[in-house]
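Trainee: Got a predicted structure here, sequence first:
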There are 4 protein chains.
Amino acid sequence: MTGWLGGLEERARTVLPAPVAEYVAQGARESLTTAAAVGAWREHRFLPHVLRDVTDVDPGVELLGRRSELPWGVAPTTLQRAVHPEGELAMARATHAAGGLVVVSSNAGTPFAEIGETGARWWLQAYLPADRTLAEPMLARARDAGAEAVVLTVDTPVVATKYAAGESVWATVDPGLVRVNFGPDHEGRPGADKATDLGPHDLDWLRETAGLPVVVKGVLRPDDARRCVEAGAAAVWVSNHGGRQLDRAATTAHALPAVAAEVGADAEVYVDGGLRTGLDVLTALALGADAAFLGRPPLWALAEGETGVARLHAELLEETVEALRLAGCRTVADTRGLLATPPVPGA
Amino acid sequence: MTGWLGGLEERARTVLPAPVAEYVAQGARESLTTAAAVGAWREHRFLPHVLRDVTDVDPGVELLGRRSELPWGVAPTTLQRAVHPEGELAMARATHAAGGLVVVSSNAGTPFAEIGETGARWWLQAYLPADRTLAEPMLARARDAGAEAVVLTVDTPVVATKYAAGESVWATVDPGLVRVNFGPDHEGRPGADKATDLGPHDLDWLRETAGLPVVVKGVLRPDDARRCVEAGAAAVWVSNHGGRQLDRAATTAHALPAVAAEVGADAEVYVDGGLRTGLDVLTALALGADAAFLGRPPLWALAEGETGVARLHAELLEETVEALRLAGCRTVADTRGLLATPPVPGA
Amino acid sequence: MTGWLGGLEERARTVLPAPVAEYVAQGARESLTTAAAVGAWREHRFLPHVLRDVTDVDPGVELLGRRSELPWGVAPTTLQRAVHPEGELAMARATHAAGGLVVVSSNAGTPFAEIGETGARWWLQAYLPADRTLAEPMLARARDAGAEAVVLTVDTPVVATKYAAGESVWATVDPGLVRVNFGPDHEGRPGADKATDLGPHDLDWLRETAGLPVVVKGVLRPDDARRCVEAGAAAVWVSNHGGRQLDRAATTAHALPAVAAEVGADAEVYVDGGLRTGLDVLTALALGADAAFLGRPPLWALAEGETGVARLHAELLEETVEALRLAGCRTVADTRGLLATPPVPGA
Amino acid sequence: MTGWLGGLEERARTVLPAPVAEYVAQGARESLTTAAAVGAWREHRFLPHVLRDVTDVDPGVELLGRRSELPWGVAPTTLQRAVHPEGELAMARATHAAGGLVVVSSNAGTPFAEIGETGARWWLQAYLPADRTLAEPMLARARDAGAEAVVLTVDTPVVATKYAAGESVWATVDPGLVRVNFGPDHEGRPGADKATDLGPHDLDWLRETAGLPVVVKGVLRPDDARRCVEAGAAAVWVSNHGGRQLDRAATTAHALPAVAAEVGADAEVYVDGGLRTGLDVLTALALGADAAFLGRPPLWALAEGETGVARLHAELLEETVEALRLAGCRTVADTRGLLATPPVPGA
Ligand SMILES: Cc1cc2nc3c(=O)[nH]c(=O)nc-3n(C[C@H](O)[C@H](O)[C@H](O)COP(=O)(O)O)c2cc1C
Ligand SMILES: Cc1cc2nc3c(=O)[nH]c(=O)nc-3n(C[C@H](O)[C@H](O)[C@H](O)COP(=O)(O)O)c2cc1C
Ligand SMILES: Cc1cc2nc3c(=O)[nH]c(=O)nc-3n(C[C@H](O)[C@H](O)[C@H](O)COP(=O)(O)O)c2cc1C
Ligand SMILES: Cc1cc2nc3c(=O)[nH]c(=O)nc-3n(C[C@H](O)[C@H](O)[C@H](O)COP(=O)(O)O)c2cc1C
């Protein structure tokens, strides 16, 4: 028995077309990194505080200067409209209602303007093309539609090979559900491919071009985190892309502490990958994250529509607040130092 | 083949109604902490002493100034009368006959006065309500009935969520089997809920109000243990509530040594959680506990009535004495330094 | 496929009466220590030397001043005559023919004089009774029959509880197969029980009474090893009695290095427990043992009679010599430093 | 789903005669070292670099002064002609076409001259006989046929025992498929057996006699690596012979870093054993190898003929280049420092 959250993926699999379910689940190559992600959080053990007043508990966080009621956000994911017709809109509405934040993939199947009209707080996730100028229209559209930050994904100079079980989602899905925020002729143009030569200078260019703070997504090393912060990043997002890029990349649970130690005083630090429960979120916060992000769980919840996403946030919040109380923490800041070391492998 | 003790839970399951058996077994959320408890003791390995005179072996301990023939006591558990009609009385009688000590839950289904009449040595376990004064009648009743100490459980500002398999025990059990030591109108009164704002000052209040030494149950951190001792606790009880409160709390086998190192010289240190055999008890003592407490095993034994509990103590004692001899220890004090480090995971 | 040695236990089980097979296999209580013994050697990994002349390889060792062609001996075991009618005699003959040494249990079912007549090199294993003088006739008989040393087993102040599967061997076995080297009225006499008050002074007494060097069997701690050497022990034998005494005692593979480091320069150090292959023997030597001892394997081999024991020694020797060559070691002394650290759990 | 590479062994097993498949797969004794080899690479986790220009990636390496397009070579294996009639020739041609290097076993079933005629780059692997002069004709033939180096295998003073499942390959295979580069009367001559007295001086002799640089294959210890380099070795090859010699030898993944640290600045360092994927190769390079070698995978691929070997190189190269890009490495030199420590056992 594991409650509503515990049944999320299984229920989604009964609803989603097999290629879509497989697309959501898959990792790169042998999926070792994807397979290890969930367990890496579960290996950590708490040393709860007692005899502390936990009558009022505040799970909220400040993200780039604005409060989020949730200590997590929705990570950017492609093909939300293949998961549910209302796609990004349902995701944005339900998350906004919960006081949270969505990051919208540049591959989104919903026009940015429509997302903006929901009133939701959102950030744009972007890949930069070889010819940077080709990204300018999309960035302008996002800013005009109210995006408050741009998240540059840096772990994808090329898209990693997946060994798909069964038919590929790309063979079955309506092309109109992807990348609707580019001009119609974008794909074919020279220089439209993902850039393979991203460097720290691109952060500068992006911040100025988009006129928005820049978050760097896909960092696993402290030295890279430092380079990002020196190049003006407002936040560093520890991620291995859900195990969908370099297989055998370290788990984010393993990589997070060193990154937080290196730049946590100078920039915000986020983390995603394998977070499934309130206890996972508590662990991520305790390991130094300012916020967590969730990729697959909101997709699975979205298979149940806007109410699914709403319930996801509600259940997670209830679990997180209970966990904070039982851990003797009133705020996210109180969670530092909560973990027994070392983690317990296989636990 | 594992002897009478090894078959305890299985035999109880054949006797107990399913909701009661499930209630006894359950842990919070995914039960990771409950599941890890037993194994955490079994991972430890002994380096026995040889060429020592073990003709006379004394397994007894001094607990708050009075001798216990057993180096363990019975931890407080709710619903003993749902396990067996004689409930707390059978538990008290059998334990007393063995020279031991029971801790009676404030949720007990037996009036304290009746427990006192058995002549057994007992301590009261208490939760404090939001309005502390509401606890006064119960504390007075307990002291009048001979309770020698009060054990304040501090790991339960809220009751953790459990994912029960099947029907909940609360839907099936006679309400008259719980919390009979409160006035009839207690539950509904404002301020009767568990306090969420316990602090060290409550120890003072409790010691004075109850006129009894205070033991703090549910401590996992050395810093909290120190705070308790500074606030006047006579003993610190390392416990994660049998895994029934914060899931993924550290095992007590893991937490005990640091707590014992921090306060062992200034207060007594107890431990519970997953102790099932004489070798587990020996391990707990070797890790620095002054005594162990048992929660589920006495409940399972109680399913066989008073004689079940009697046999539990007898078998454990025989096993503990044999283990002390084979380990070259004459007394509990001799057990310190008995363990090979580090423990062997999964062994 | 694992060769003749690998099938030893399985073949013996097809020949031996179930209670005898169970008696040989069993460990104390839950048998955790017995179960871990074999794997503890297999976890070690070699860093073989290369470009060394291994044309001539000498696996032999000097034990208490006399050469053994084998770097192992036969550990003392009770009930050899229940395993095979020729019992200790077959064991002694086959081992002697291989250039090795047997240690004969004081519980042996064969008169010492007959063992002496085989011409085999042998040591007596003794338990001391509460009244030490009762041991004198047995010690005298052993010395007269040519025992070259006496091995005092110190891990058995009481015999540990076993949870036997099926009928106990003691209910089925002919009493004439045990303890024939005591007077007929020995058992019943006051003071004939195993001593529970052994101390270092007993080593002195034993050496003088027996007129033989004393080996102390059952040591797992460096401090105890030092006490033994200071009390005049010629050798210290690291053993947990094959897991048949204190369950959860550390494996001997784990305990050996610290003991060898503590007393290896001042006394001989032996080890037994779970050694099954030539690679295990090589590991024990590399960890600091001057010789290994085997308990169960010679019993299983004895189920095939004297030729079984002969083949055991031959196969092990062939494997050990091959292993020495492949490891670039010409002698046992060369094996120190051969192991990669740390061992690989579960490998 | 694991792609073409992942199915390599399974497909080969459907094609090869059972004794040949078994011969390729087998390890010495209980095969613990063979069994651990593959997993030892998979336990390592990457900390990829980001924001680096990976437009142009060069997986090539310089081996003994000449460029190889592949950062791996084909390790020497006996019985290639039993795997496929074209044996060494198919292996050489396909590898040469991919820009790589083959090492030819001195047991090869194909005359060196024919191998030379393919135009492939190749090195000779040699065992030295007891009478060194008997090796001279073979060495001369190899040099005449264009061998560019001689690889002395030093882990085989004797051939280790294998417990073959089923019929031995030697009972079924045409003797004409082995050792065709020796004179017809070589085998029977005194001194033709493998030398058991190899020493550092043999490297000198070999370099002068063969007139070629000498690579030492089968080194696991830093001290031995240093001795080899001091004796003039141009490269040290970390290998445990695929687990076919000393069972329980350390994995090469474990042994490599210390060897590379000891001699990496003074000689080339290679490694083989259990490398199966591009990510394994990346790990080996990151751990300090200048190149990897593959034993069984090219044999399994050879079961599909020359095109099988060609595809092996192509798939591995594609995977390695993708991995380099995703890891933010432009060259093999960039891979140092890429690994998270410590490795994750069992991952
Ligand atoms: C189906 C799917 C699509 C994704 N698409 C994108 C994307 O378009 N852009 C991006 O930066 N990350 C993408 N990601 C990665 C997520 O943003 C996030 O890093 C990852 O899913 C976190 O791991 P989790 O799924 O275990 O929570 C995708 C992940 C999934 C599962
Ligand atoms: C069925 C059950 C009821 C419990 N009720 C209480 C209680 O009323 N008060 C309390 O402080 N602890 C309670 N506990 C926790 C125990 O006192 C103890 O901490 C725990 O059971 C020890 O772990 P063990 O069951 O593995 O021995 C309960 C435990 C169980 C299993
Ligand atoms: C069947 C059996 C009987 C034994 N009897 C004795 C004994 O009489 N005296 C003694 O000192 N040890 C005795 N031992 C312990 C052995 O001497 C030895 O310590 C142990 O068997 C070593 O472990 P192994 O069986 O894994 O090799 C016995 C062990 C077995 C298995
Ligand atoms: C079937 C087979 C035959 C081999 N024959 C030789 C040989 O003749 N000479 C040699 O030095 N190594 C030989 N080896 C060892 C390989 O060169 C190499 O060290 C090993 O196979 C690497 O491990 P891998 O198979 O896991 O890649 C052989 C290995 C195998 C599997």
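Mentor: Thanks, I have the structure now. Ligands and ions are numbered 1, 2, ... in the order given.
Trainee: how about stretch A:224-240: buried residues?
Mentor: Residues of stretch A:224-240 classed as buried: A:224-229, A:231-240 (neighbour count, 16 or more other Cβ atoms under 10 Å in any protein chain shown). For glycine as for every other residue, the C-beta is placed from the backbone atoms N, C-alpha and C.
Trainee: What residues are bridge-paired with A:Ala340?
Mentor: A:Arg45 (DSSP bridges).
Trainee: Next, count neighbours for it.
Mentor: Using other Cβ atoms under 10 Å in any protein chain shown, A:Ala340 has 19 neighbouring residues.
Trainee: State the distance from it to D:Glu136.
Mentor: Per Cβ to Cβ, to the nearest Å, A:Ala340 is found 66 Å from D:Glu136.
Trainee: got it, and A:Gln26?
Mentor: Counting by Cβ to Cβ, the gap from A:Gln26 to D:Glu136 is 58 Å.
Trainee: Between these two, which has more neighbouring residues?
Mentor: More crowded of A:Gln26 and D:Glu136, by other Cβ under 10 Å: A:Gln26, with 18 against 11.
Trainee: Read off the pLDDT value for the nearest residue to that one once chain neighbours are set aside.
Mentor: Nearest non-adjacent residue to A:Gln26, counting by Cβ to Cβ, 6 or more residues apart in numbering or on different chains: A:Lys162, 5.1 Å away. At A:Lys162 the predicted local confidence, pLDDT, stands at 95.
Trainee: Next: A:Asn181.
Mentor: 95.
Trainee: again with A:Trp123
Mentor: Value for A:Trp123, per-residue pLDDT: 98.
Trainee: What separation do you get for it and ligand 1?
Mentor: Look at A:Trp123 and ligand 1: by Cβ to the nearest ligand atom, to the nearest Å, they are 11 Å apart.
Trainee: helix/strand/coil for that residue?
Mentor: Judged by DSSP: H, G, I helix; E, B strand; the rest coil, the three-state class of A:Trp123 is strand.
Trainee: residues in contact with A:Thr307?
Mentor: A:Ala94 (Cβ atoms under 8 Å, 6 or more residues apart in numbering or on different chains).
Trainee: How about the helix or strand harbouring A:Glu136, which residues are buried there?
Mentor: Taking DSSP states H and E as the criterion, the element that holds A:Glu136 is helix A:136-144. By neighbour count with 16+ other Cβ under 10 Å, helix A:136-144 contains the buried residues A:Met138, A:Leu139, A:Arg141, A:Ala142, A:Arg143.
Trainee: cool, stretch A:45-53 as well?
Mentor: So, applying 16+ other Cβ under 10 Å, buried residues of stretch A:45-53: A:Arg45, A:Phe46, A:Leu47, A:Pro48, A:His49, A:Val50, A:Leu51, A:Arg52.
Trainee: Thought B:Pro200 was touching the last one, still the case?
Mentor: No. Counting by Cβ atoms under 8 Å, B:Pro200 is not a contact partner of A:Arg52; they are 9.7 Å apart.
Trainee: mind listing the strands for the stretch 201-347 of chain A?
Mentor: Assigned by DSSP state E, counting those that start in this stretch, the stretch 201-347 of chain A shows strands spanning A:214-219, A:235-238, A:268-272, A:291-294, A:339-340.
Trainee: got a list of what A:Leu312 touches?
Mentor: A:Leu5, A:Leu8, A:Ala94, A:Pro297, A:Pro298, A:Ala301.
Trainee: Which one of those sits in the busiest neighbourhood?
Mentor: Busiest of the contacts of A:Leu312 [other Cβ under 10 Å] is A:Ala301, holding 31 neighbours.
Trainee: Could I get the pLDDT score of that residue?
Mentor: So, for A:Ala301, pLDDT stands at 98.
Trainee: what sits against it?
Mentor: Counted by Cβ under 8 Å, 6+ apart, A:Ala301 has contacts A:Leu8, A:Ala12, A:Gly308, A:Val309, A:Arg311, A:Leu312.
Trainee: still on that earlier bit, JSON lines please, covering the buried residues of helix A:136-144 and showing distance to D:Ala126.
Mentor: Listed next are these as JSON lines, based on distance: Cβ to Cβ, whole Å:
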{"residue": "A:Met138", "distance to D:Ala126": "63"}
{"residue": "A:Leu139", "distance to D:Ala126": "63"}
{"residue": "A:Arg141", "distance to D:Ala126": "68"}
{"residue": "A:Ala142", "distance to D:Ala126": "66"}
{"residue": "A:Arg143", "distance to D:Ala126": "69"}
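Trainee: Looking at these, spot the one nearest ligand 2.
Mentor: Distance to ligand 2 across these (Cβ to the nearest ligand atom) is lowest for A:Ala142, with 53.5 Å.
Trainee: Relative to chain C, how far out is the closest one?
Mentor: Note on A:Ala142: its distance to chain C, by Cβ to the nearest Cβ, to the nearest Å, is 51 Å.
Trainee: can you pull up the bridge partners for the residue nearest to that residue when sequence neighbours are not counted?
Mentor: Using Cβ to Cβ, 6+ apart and skipping the chain neighbours, the partner closest in space to A:Ala142 is A:Leu124 (4.0 Å). On the basis of DSSP bridges, A:Leu124 is bridged to A:Val104, A:Val150.
Trainee: and stretch A:187-197, which residues are buried?
Mentor: Using 16+ other Cβ under 10 Å as the burial criterion, the residues of stretch A:187-197 that qualify are A:Ala192, A:Ala195, A:Thr196.
Trainee: That stretch near ligand 1 anywhere?
Mentor: No. For stretch A:187-197, no contact with ligand 1 is found by Cβ under 6 Å from any ligand atom; the gap never falls below 11.1 Å.
Trainee: Run the chain-centre distance for that stretch.
Mentor: Its chain's C-alpha centre and that of stretch A:187-197 lie 24 Å apart, by Cα atoms, centre = their mean, to the nearest Å.
Trainee: got it, and stretch A:32-41?
Mentor: 16 Å.
Trainee: Report the central residue of chain A.
Mentor: A:Ala75 (2.5 Å; Cα atoms, centre = their mean).
Trainee: quick one: that one and A:Phe293 touch, right?
Mentor: Yes. A:Ala75 lies in contact with A:Phe293 (Cβ under 8 Å); the separation is 4.0 Å.
Trainee: quick one on the thing from earlier: and the helix holding A:Glu136, what does it pack onto?
Mentor: helix A:112-117, strand A:121-126, helix A:201-210 (3 or more Cβ pairs under 8 Å, 6 or more residues apart in numbering or on different chains; DSSP states H and E).
Trainee: Can you add distance to ligand 4 and give those back as JSON lines?
Mentor: Listed next are the helices and strands packed on helix A:136-144 as JSON lines, based on distance: least, Cβ to the nearest ligand atom, whole Å:
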{"stretch": "helix A:112-117", "distance to ligand 4": "52"}
{"stretch": "strand A:121-126", "distance to ligand 4": "41"}
{"stretch": "helix A:201-210", "distance to ligand 4": "41"}
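Trainee: To B:Trp41, which of those lies closest?
Mentor: For those, the distance to B:Trp41 is smallest for strand A:121-126, at 47.8 Å, taking Cβ to Cβ.
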